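Q: Quick one, fold the following:
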Amino acid sequence: MVNIKAGACKNHLYSVANPSSAGVLERYQMCTHDSLTTSNVLFCCRLLGERAETVRGDYEGELDSIASRLATALASLHDSPAIRYKAGKPPEPGDAPGASARSVLTQKLAQKVSERAMVLQRNGVLPPRETCDLLILDRTVDPVAPVIHEWTYEAMVYDLLPVEDNVIRFNAETAAGKSESKEHMLDDATDELWAELRHAHIADVYTTLSKRMTEFQDKNKAAKYQTGKGGVPPAGGMSTTNIKALIQALPQFRDVLSKLSMHIFISSELKTVLNSRNLTDVGGLEQDLVYGDKNSQDLIKYLADNSANLDPSDKMRLFMAYIATHPEKLDPVKRQQWQKVARLDSQDMSTVCNLAFLNVAVMKQPGSQAKSSMGFTFKPKKKKATYRKREGREEQYALSRFDPVLLDVLEDALGNKLSQEEYPYVRSPDEGDDFGANEATRIASARTNKSAISWARKDASTTGPQSSGISSMLQGLGLGTSSQGGRRLLVFVIGGVTRSEMRAVHEVAKKTGRDVLLGSTAVLKPAGFLSQLRSMGTAVAE
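A: The predicted structure follows:
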């Protein structure tokens with residue numbers, strides 16, 4: 001399971017509180033680092049890429065490794081799962097290499113976890129009845145989320161700024177006027193302001209930081225004195241020089257102001273990147289394309305007018321946002337035309353087309369022909385991917401419309417609305433133990449999991465390696481630890497999760513009061529996802 005707490009990532013790997021579970025989920029702990037690890041590139045190639053069917057030993061070995069770690073996580077939580085999985089898409093002519101292996105990926109993992117859970121139940125390690133729900137997905141569930149620009153604070157920091165192992169590094173001027181390298185850990189446990197703002201829209205972040213600085217000046221006479229002669233703050237607020245002088249002169253305010261000034265600095269750097277890369281326009285166009293408000297003609301016109309001033313990765317992400325939601329729009333001629341207009345090289349365009357490894361119908365296919373009543377033949381069209389527009393999103397901010405598919409899946413799962421055809425069970429759950437568990441079951445589950453929950457809370461308040469085990473890994477998303485409306489829901493995504501999906505989990509858990517845990521093989525940054533796609537093989541020949 002993923003842990004986005006920086007403290008755990010800084011030390012790379014921790015042992016767990018239960019000695020018999022030592023070393024569990026090592027890959028997932030490693031892959032919480034914001035840079036894509038070599039092992040995760042290989043992992044995705046083995047399970048989702050063209051190697052999935054040609055090197056079966058690697059494919060099965062990776063699934064066995066994940067299943068064993070998930071089973072150990074369940075043992076540490078003392079939870080017996082009712083396991084469901086996203087049914088794979090049956091292979092079709094023209095699919096990218098590895099389609100057969102991808103079609104059963106989630107089912108195979110679900111079965112392997114179920115087998116291990118049954119052994120643990122027979123040995124008395126897990127309760128005999130289901131006490132939680134485990135939903136297994138893979139990256140094909142939503143190919144847009146990894147590429148579209150997310151406008152919340154945490155997602156933007158990891159997408160646009162140089163962050164490594166949850167540490168942001170920068171050059172700062174000392175009191176002597178020299179430049180020195182500094183770093184700041186992005187960690188909920190040590191930075192309350194980061195914990196508060198990480199899931200907030202960037203516009204709200206700017207407003208909050210400005211308000212906090214004003215409040216600090218109003219409450220502290222010494223701060224006022226430092227900001228202007230006679231205690232009168234200078235026009236335009238505190239400058240960077242004022243902040244430095246205040247930190248140096250007033251030790252008692254250093255901790256508060258250092259974090260506040262750090263986030264002011266980070267937000268300022270984000271604004272610089274936004275302006276230099278025209279990301280407000282790019283982000284607006286992305287969302288218009290995803291929601292059908294603009295089409296390929298609008299996309300090509302924008303690229304024709306602005307391509308020279310855009311970062312290549314942003315142009316690739318624009319193409320992907322459109323292609324992922326508009327199947328079979330490319331043919332060899334159009335592919336070359338679009339590549340030329342966007343000023344991309346052939347490798348970049350091949351990476352765009354590698355969305356086919358995520359079951360996106362990138363290229364037009366001859367397919368089977370059906371005859372109409374008038375004798376004409378036509379090719380059945382692929383269904384467009386639809387993303388739900390939520391009331392109030394656009395009214396608040398123009399760039400806050402996008403929500404990942406995972407948000408809909410979570411809401412349906414917690415509301416007992418998931419289709420059993422699309423999300424089948426490995427084994428039918430015990431009577432009355434579905435996602436909408438009855439009160440008696442919830443009470444029994446709460447008793448069964450009492451020690452595990454308290455252990456997780458204890459981990460959250462301690463810092464030693466021995467206390468940073470699976471429970472702290474699972475609680476790293478900043479979600480609630482109590483189940484107020486039903487039993488715990490665990491969601492595992494093969495191939496990586498995005499920070500928009502982490503935001504979705506945060507929102508759902510906060511809204512419902514449910515205990516929702518998100519796990520994956522990696523936490524993806526867009527740059528890392530593009531590298532991952534590039535390494536998966538060749539989905540579409542030129």
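Q: Work out for me the element residue 518 sits within.
A: strand 516-520 (DSSP states H and E).
Q: That strand pairs with which strands, parallel or anti?
A: If you go by DSSP bridges, strand 516-520 pairs up with strand 488-494 (parallel).
Q: For the strand it pairs with, which outside residues touch it?
A: 1, 47-48, 66, 70, 77, 79, 81, 105-106, 109, 131-139, 141, 406, 409-410, 413-414, 435, 445, 449, 474, 501, 505, 514-521 (Cβ atoms under 8 Å, 6 or more residues apart in numbering). Heads up, the C-betas are built off the backbone N, CA and C, glycines and all.
Q: And for stretch 190-202?
A: In contact with stretch 190-202 (Cβ under 8 Å, 6+ apart) are residues 7, 151-154, 156, 184-188, 204-205, 208-209, 212, 259-260, 263, 267, 270, 396-397, 399-400, 478, 503, 506-507.
Q: which residues of the protein score low on pLDDT?
A: For the chain, the stretches with pLDDT under 70 are 1-43, 172-177, 220-254, 367-385, 391-396, 430-485.
Q: what are the ranges of the strands in this structure?
A: Taking DSSP state E, the strands of the chain run over residues 81-85, 132-138, 163-164, 167-173, 179-185, 370-371, 377-378, 488-494, 516-520.
Q: Save these as a markdown table, and put in mean neighbour count and distance to residue 304 too.
A: Below are the strands of the chain laid out as a markdown table (neighbours: other Cβ atoms under 10 Å; distance: least, Cβ to Cβ, whole Å):
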| stretch | mean neighbour count | distance to residue 304 |
| --- | --- | --- |
| strand 81-85 | 25 | 43 |
| strand 132-138 | 26 | 36 |
| strand 163-164 | 16 | 33 |
| strand 167-173 | 14 | 36 |
| strand 179-185 | 12 | 41 |
| strand 370-371 | 10 | 37 |
| strand 377-378 | 9 | 32 |
| strand 488-494 | 24 | 36 |
| strand 516-520 | 25 | 38 |
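Q: can you redo these as JSON lines with distance to residue 421?
A: Formatted as JSON lines, the strands of the chain follow (distance: least, Cβ to Cβ, whole Å):
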{"stretch": "strand 81-85", "distance to residue 421": "11"}
{"stretch": "strand 132-138", "distance to residue 421": "15"}
{"stretch": "strand 163-164", "distance to residue 421": "41"}
{"stretch": "strand 167-173", "distance to residue 421": "45"}
{"stretch": "strand 179-185", "distance to residue 421": "46"}
{"stretch": "strand 370-371", "distance to residue 421": "24"}
{"stretch": "strand 377-378", "distance to residue 421": "27"}
{"stretch": "strand 488-494", "distance to residue 421": "19"}
{"stretch": "strand 516-520", "distance to residue 421": "24"}
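Q: For residue 285, find the nearest of those.
A: Nearest of the strands of the chain to residue 285, taken as Cβ to Cβ: strand 163-164 at 25.7 Å.
Q: Listing partners with orientation, what would you give for that closest one?
A: Here, using DSSP bridges, strand 163-164 pairs with strand 167-173 (antiparallel).
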